[in-house]
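In: Take this sequence and fold it.
(2 chains)
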Amino acid sequence: MKIMKAILLLFIILGIPLAVSAGSDREAASVASAVDDIYGDRGGTEELKIAISEAVDAGMPSEAVEAFVREAARSERDPGEVAKYIRVASDLFSVGIPEALLFNTLIEGFVKGVGKEEMLRSVGPLRSKFRFASEISEKHTGKRGGGGSDHELLLSALFYTMNMGYAEENVKALSKAAGEKNLSSRAFFNILKISMELSSLGLRPARVSAIMERSIRNGTSIRQMSGYPSFVREGREKGLADNDIYGFLMIKADEVLISEKSSAGTGTESGKSASPSGGKGGSAGGGPSAGGSPGGGK
Amino acid sequence: MKRKKDYDDRELRRAFSSLSRIEAPERTVRELSERLEREREGLERRKPTAAPLLRIRREVLIAVFATLLIAVPLTYLVTKRFAAENVSGRTYVVRFIYEDENARSVHLVGDFNSWRSNEIVLERAGDSKLWSAEITLEEGLYKYGFLVNETYIVSDPLSGLKVQDSFGNESSLMVLADGKQRGGSS
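Out: Numbers count the residues shown, from 1 in each chain, chains lettered A, B, ... in the order given. Below is the predicted model of the structure:
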């Protein structure tokens, strides 16, 4: 009886990794046969099949790999070239970058006709950006990942913020200020979103970062900060220079402090408001677009 | 430090045994008896009237009640907070509009469909120069663009949010979060 139990235990211990390995082998084989379908009898697919097998063994979902190969073939990419991308993606996947982000980045490059060398060169820096974004996001959400989580949302926002030219020190400064003010991860996400909008309107990331950091430290609400992009647009319409807009936004960032002081009875600068139109008050609300109904309603 | 005894135990015991019985005064005996009686009655009164098991049950009941009193509102608050942060189930219907009178075809491409060029077709509204498509998306950030005539991709002119892709080209970014949409066409 004891021997039987020992044999059963041994089967279980050995069986699980074997089953997992057999499963990934089967998946890799299925993608490899898809390669034959996609590329036909075109040469050079062996290297691609090996790269696919390695990627699937590393834990990349076979469906994602197959979809990527199909898109690559559609964009008339050479199998050898695709193998290189899969190897780079697999390497980045091993440090925790989601495969969707990697493949979307590469496919976007295909669709936009980016050359092989440029693509390989551009994908490299993803690792450091992702590590940094992941570190900051974990600080605010206390999580490492999960589908549709706040962590994932914040991670994407941090990632795109950095793509817009924000240096690590800019993001760190915002993160530090938000942390000191105990802002929620959602609030920090909104701050990044507003920062991106301001940069889209042409303000330099370092300046945006200074404005937002000051606003956070002064206790400006997210709602008030959401008015900054409209304020910039208004300023541009009135022909104000970037320096003036920056100056006005810095005053707006101090408005909370000023109003706090005045309500506390200091009486100085009561009612002062920065506006390109000359003191009528900053414009609020009105993002670049409206719409999109939550909950699936139209 | 241990103190040395300056008497002998056996001597002491002998001395006690040699003592003659002392008769207490009657009054003292009566007073002592009355006091003892009172003490006994007091002890009787303090005796548990209910079974010990029942007493424990009552304590348990109190503990359960107290726990419920704290746990129910706390659970409600935690659940409510979690529900507010649970983003996975939130979906958005987004309408994309592109204006181009010379275009022969317009497709929507983006992170949401892995940039597949032939999936989302924008329909032309009659003979107008407006092209539009409507899709349902989950909360998240999406880069996207319009593929015109199946040859070139343009960023969304109506979107205020533009980011650089990993290759230095401009892309439109759409942020779907907190019940608000940023960056989409419509």
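In: For the rest of this, base every contact and every neighbour count on C-alpha atoms.
Out: Will do.
In: the bottom helix or strand of chain B by mean pLDDT?
Out: When each helix and strand of chain B is scored by mean pLDDT, DSSP states H and E, strand B:180-182 comes last, with a mean of 53.
In: correct me, but A:A28 touches A:V56?
Out: Yes: contact between A:A28 and A:V56 holds when scored by Cα atoms under 8 Å: they sit 6.0 Å apart.
In: Give me the common contacts of those two.
Out: A:S62 (Cα atoms under 8 Å, 6 or more residues apart in numbering or on different chains).
In: Please name the residues that touch the most centrally placed residue in chain A.
Out: Central residue of chain A (Cα atoms, centre = their mean): A:S156, 1.8 Å from the mean position. By Cα under 8 Å, 6+ apart, the residues touching A:S156 are B:L141.
In: Now do the SS call for it.
Out: Put simply, A:S156 is helix when judged by DSSP: H, G, I helix; E, B strand; the rest coil.
In: so what pLDDT did it get?
Out: For A:S156, the pLDDT comes out at 88.
In: Next: the one 10 residues further on.
Out: As summarised for this prediction, A:Y166 has a pLDDT of 92.
In: What count of nearby residues applies to it?
Out: When neighbours are counted by other Cα atoms under 10 Å in any protein chain shown, A:Y166 registers 21.
In: if I pick it, what's in contact with it?
Out: A:205-206.
In: for it, phi and psi?
Out: Main-chain torsions, A:Y166, degrees, to the nearest 10: phi -80, psi 130.
In: Domain ranges for the chain, per the record?
Out: Chain wasn't specified; assuming chain A. For chain A, automatic domain parsing gives the domain ranges A:20-124, A:128-288.
In: nope, chain B
Out: B:46-85, B:91-182.
In: Save the ones you listed as CSV, and put in distance to A:E99 and mean neighbour count too.
Out: As requested, these are exported to CSV (distance: least, Cα to Cα, whole Å; neighbours: other Cα atoms under 10 Å in any protein chain shown):
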stretch, distance to A:E99, mean neighbour count
domain B:46-85, 24, 11
domain B:91-182, 11, 19
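In: of all those domains, which lies closest to chain A?
Out: domain B:91-182 (4.8 Å; Cα to the nearest Cα).
In: How far off centre is the closest one?
Out: 37 Å (Cα atoms, centre = their mean, to the nearest Å).
In: Could you check what's spatially nearest to A:A100, not counting adjacent residues?
Out: Among residues not flanking A:A100 along the chain, A:A64 sits closest, at 7.5 Å (Cα to Cα, 6 or more residues apart in numbering or on different chains).
In: Please name the spatially closest residue to A:G165 (chain neighbours excluded).
Out: Spatially, and ignoring its direct neighbours in sequence, A:G165 is nearest to A:P205 (6.5 Å; Cα to Cα, 6+ apart).
In: tell me the mean pLDDT over stretch A:49-69?
Out: Stretch A:49-69 comes out at a mean pLDDT of 91.
In: now the end-to-end length of that stretch.
Out: 11 Å (Cα to Cα, to the nearest Å).
In: What are the boundaries of the helices in the stretch 1-150 of chain A?
Out: Assigned by DSSP state H, counting those that start in this stretch, the stretch 1-150 of chain A shows helices spanning A:2-39, A:45-57, A:62-74, A:79-93, A:99-111, A:116-123, A:126-141, A:150-163.
In: now chain B
Out: B:9-17, B:26-46, B:52-85 (DSSP state H).
In: just the CA coordinates of the shortest one, formatted as PDB?
Out: Pointing back at helix B:9-17 there. Below are the C-alpha coordinates for helix B:9-17, written out as PDB (Å, rounded to 0.1, in the frame of the first residue of the first chain):
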ATOM      1  CA  ASP B   9      10.100  23.800  64.900                       C
ATOM      2  CA  ARG B  10       9.600  20.900  67.200                       C
ATOM      3  CA  GLU B  11       9.800  23.100  70.300                       C
ATOM      4  CA  LEU B  12       7.300  25.400  68.900                       C
ATOM      5  CA  ARG B  13       4.900  22.600  68.100                       C
ATOM      6  CA  ARG B  14       5.300  21.300  71.700                       C
ATOM      7  CA  ALA B  15       4.600  24.700  73.100                       C
ATOM      8  CA  PHE B  16       1.300  25.000  71.100                       C
ATOM      9  CA  SER B  17       0.100  21.600  72.200                       C
END
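In: Distance from the chain centre to it, please.
Out: The mean C-alpha position of helix B:9-17 is separated from the chain mean by 74 Å, Cα atoms, centre = their mean.
In: what's the spacing between B:S155 and A:K84?
Out: In terms of Cα to Cα, B:S155 sits 29 Å off from A:K84.
In: Could you do A:E197 as well?
Out: Between A:E197 and A:K84 the computed distance is 35 Å (Cα to Cα).
In: before we move on, what about B:R14?
Out: In terms of Cα to Cα, B:R14 sits 108 Å off from A:K84.
In: quick one, which of those two is more surrounded?
Out: Comparing B:R14 with A:K84 by other Cα under 10 Å, the one with more neighbours is A:K84, at 16 against 10.
In: what's in contact with stretch A:42-53?
Out: A:25, A:28-29, A:31-32, A:35-36, A:39, A:65, A:79-80, A:82-84, A:86-87.
In: In contact with B:E26, which residues are there?
Out: Residues near B:E26 by Cα under 8 Å, 6+ apart: none.
In: so how far is B:S18 from it?
Out: For B:E26, the distance to B:S18 - Cα to Cα - is 24 Å.
In: Pull the number of nearby residues for the residue nearest to A:A100.
Out: 16.
In: wait, doesn't it sit right on A:L101?
Out: No: between A:A64 and A:L101 there is no contact under Cα under 8 Å: 10.9 Å.
In: Nearest residue to A:L174 in space, ignoring adjacent ones along the chain?
Out: A:E213 (5.4 Å).
In: helix or strand for the one you found, which one?
Out: helix A:205-218 (DSSP states H and E).
In: Helix A:150-163 and that helix, what's the angle between them?
Out: Helix A:205-218 and helix A:150-163 are oriented at 140 degrees to each other (axes from the mean of the first three to the mean of the last three Cα atoms, to 10 degrees).
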